[in-house]
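**Q** fold the following and give me the result.
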Amino acid sequence: MSTSPPPDDRPELASELLDLREKPPEPLAPSPQALGVWELAWPTIVAGALQTLVRWVDLKMVGDLGVEAVAGVAAGGHVYWLIQSIVMAVTTGIVALVARAVGARDDALADATLRQGMVLGTLFGVVTFAAALPFTSWAIAIYGVDQGVIENGSTYLAWLLVGNVPFTLTFVFGSALRAAGDVRTPLYVGGVANLLNIFLNWVLIYGNLGAPALGVTGAALASSGAMLFQVVVFWILWQRNSLQLRPGGGSFRPDLALWRRLLHIGYPAALEGGLWHVGLLMFLRIVSGYGTAAFTAYQIGAQVLSLAFLAGSGFAMAASTLVGQHLGDRQPEQAERSGWRSLRGSIVSMTLLGAVLIAMARPIARWFLDDEEVVALTVDFIWVMGAVQPMMAVEFTLGGALRGAGDTRFPLVTIFTGLLICRLVPAAIAAWVFHASVQVVWCALILDYSVKAVMLVIRFRRGAWKQIEI
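**A** The predicted structure is shown next:
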């Protein structure tokens, strides 16, 4: 008779650390080893916080150039993330396959997945750069913003695209390492890169140290330079066998069978990301009808609340990694338990952070831009978004858990239902039929996130994701 403990008592996977409240009843397997949810989540949260700090500094420095520059940089950033959502077809597949490979102790598959991810990431980066560069002005104009915003936004977007390949490869390395349980290396490398980004902002935006004052162009070049730095460091560490995922003698020759596996898992996530950004673009088009001040307030408010979103992103990564690794180790009940534990941490963290940001909304908004109308509208938006933090925690975390299991199609369904039906339709009716205030339009967010949260809880509880083969 087997002496193995029941699934719910087994330690969690991914590194040598454990949650303090858990005591493993038997020695840990040599690989993957044990790691609790928080040990996986906190480095991702801190790494995201550093990236958010850089975006804040970008907006603050560009804010000295005026409201149109801030709005242009924000709009250009949105379009760039829409383009990058295509790369999720690669990175989502990488997370699911690497996590399963590590859970199953299949080092060859983990190495092959990383290598093919690099090849696909480079290909996607080149293609999206070439396809998007001629349409930068048109892409910003879709938002319905003023000509000054279009000029600033298109310039910023064009120079961001220069760093497109390094950006995609940074995401490939980061996704693979986190899926393997190595969440600290991306934190350390990203932290140094963020400091470099801020320094380059200071040099290139204002023209310090003898450099020309490039304004929004300088902000974009600083970001591209920081991404290039990260790729170079990851590559050197990987070649020196200093990462948890080590070169295993695999090949960079295109492996079409593995490409199909990666893209079969990842394409719904790419569609989800693209749909989300298109929906956001449409929502911002509605908001821009209330003027540049309302549009800018939304951008600043979203940046402020992004600190709360970071907790959700961290716990989502923890859920993806643990769910994928436990399924690879044939422990579906432990995978489910990890998902629920991640959700509890996410809800508590995002709710508390949201409350703090609501309390500090006015001084933070004024730090970004000392414009009374923009500040007042930003505070209103932060209050609305603060109300939906628990529901957003569900979307982040259970969506991440499902993707880690390879169930990438249902999150796509939730985005379509919540964003397009429950947000855009009510917002358009409020704005164009009833001519309601922009604050009423923003309240459509509450319905959006509430519906998505209910759908994801039901999906995860039913457990069909445990049977998915990837």
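
**Q** show residues contacting stretch 50-58.
**A** Stretch 50-58 is contacted from outside by 73, 77, 187, 190-191, 194, 197-198, 201, 219, 222-223, 226, 303, 306-307, 310, 368, using C-beta atoms under 8 Å, 6 or more residues apart in numbering. The way it works is simple: take the backbone N, C-alpha and C, and place the C-beta from them, glycine included.

**Q** could you flag which of these are buried?
**A** 73, 77, 187, 190, 194, 197-198, 201, 219, 222-223, 226, 303, 306-307, 310, 368 (16 or more other C-beta atoms under 10 Å).

**Q** which of those residues fall in strands?
**A** Within the buried ones among the contacts of stretch 50-58, no residue falls in strands by DSSP state E.

**Q** please narrow those residues to those residing in helices.
**A** Here DSSP state H is the test, and these give 73, 77, 187, 190, 194, 197-198, 201, 219, 222-223, 226, 303, 306-307, 310, 368 as lying in helices.

**Q** what's the closest non-adjacent residue to residue 156?
**A** Spatial nearest neighbour of residue 156, excluding adjacent residues (C-beta to C-beta, 6 or more residues apart in numbering): residue 76 at 3.8 Å.

**Q** and that neighbour, what does it touch?
**A** Residue 76 sits next to 136, 140, 152, 153, 154, 155, 156, 157, 160, 216, 220 when contact means C-beta under 8 Å, 6+ apart.

**Q** repeat that for residue 80.
**A** By C-beta under 8 Å, 6+ apart, the neighbours of residue 80 are 157, 160, 161.

**Q** residues contacting residue 157?
**A** 76, 79, 80, 132, 136, 139, 140, 220.

**Q** one step back: looking at the contacts of residue 80, which is nearest residue 417?
**A** residue 157 (29.9 Å; C-beta to C-beta).

**Q** so for that closest one, what's the pLDDT?
**A** Model confidence at residue 157, given as pLDDT, is 93.

**Q** flag every buried residue along the helix or strand containing it.
**A** Using DSSP states H and E, residue 157 maps to helix 147-162. By neighbour count with 16+ other C-beta under 10 Å, helix 147-162 contains the buried residues 149-162.

**Q** may I see those arranged in JSON lines, with distance to residue 363 as well?
**A** Formatted as JSON lines, the buried residues of helix 147-162 follow (distance: C-beta to C-beta, whole Å):
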{"residue": "149", "distance to residue 363": "26"}
{"residue": "150", "distance to residue 363": "31"}
{"residue": "151", "distance to residue 363": "31"}
{"residue": "152", "distance to residue 363": "26"}
{"residue": "153", "distance to residue 363": "27"}
{"residue": "154", "distance to residue 363": "32"}
{"residue": "155", "distance to residue 363": "31"}
{"residue": "156", "distance to residue 363": "27"}
{"residue": "157", "distance to residue 363": "31"}
{"residue": "158", "distance to residue 363": "34"}
{"residue": "159", "distance to residue 363": "32"}
{"residue": "160", "distance to residue 363": "30"}
{"residue": "161", "distance to residue 363": "35"}
{"residue": "162", "distance to residue 363": "35"}
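
**Q** which one of the residues you listed sits closest to residue 249?
**A** After measuring the buried residues of helix 147-162 against residue 249 - C-beta to C-beta - the closest member comes out as residue 162, at 34.0 Å.

**Q** and that closest one, how far is that from residue 88?
**A** Noted for residue 162: a distance of 21 Å to residue 88, by C-beta to C-beta, to the nearest Å.

**Q** for residue 178, same thing?
**A** Applying C-beta to C-beta, the value for residue 178 to residue 88 is 14 Å.

**Q** what about those two, which has more around it?
**A** residue 178 (29 against 24; other C-beta atoms under 10 Å).

**Q** tilt between the host helix or strand of the more buried one and helix 147-162?
**A** Element membership for residue 178, per DSSP H and E: helix 164-179. With axes from the mean of the first three to the mean of the last three C-alpha atoms, to 10 degrees defining the directions, helix 164-179 sits at 70 degrees from helix 147-162.
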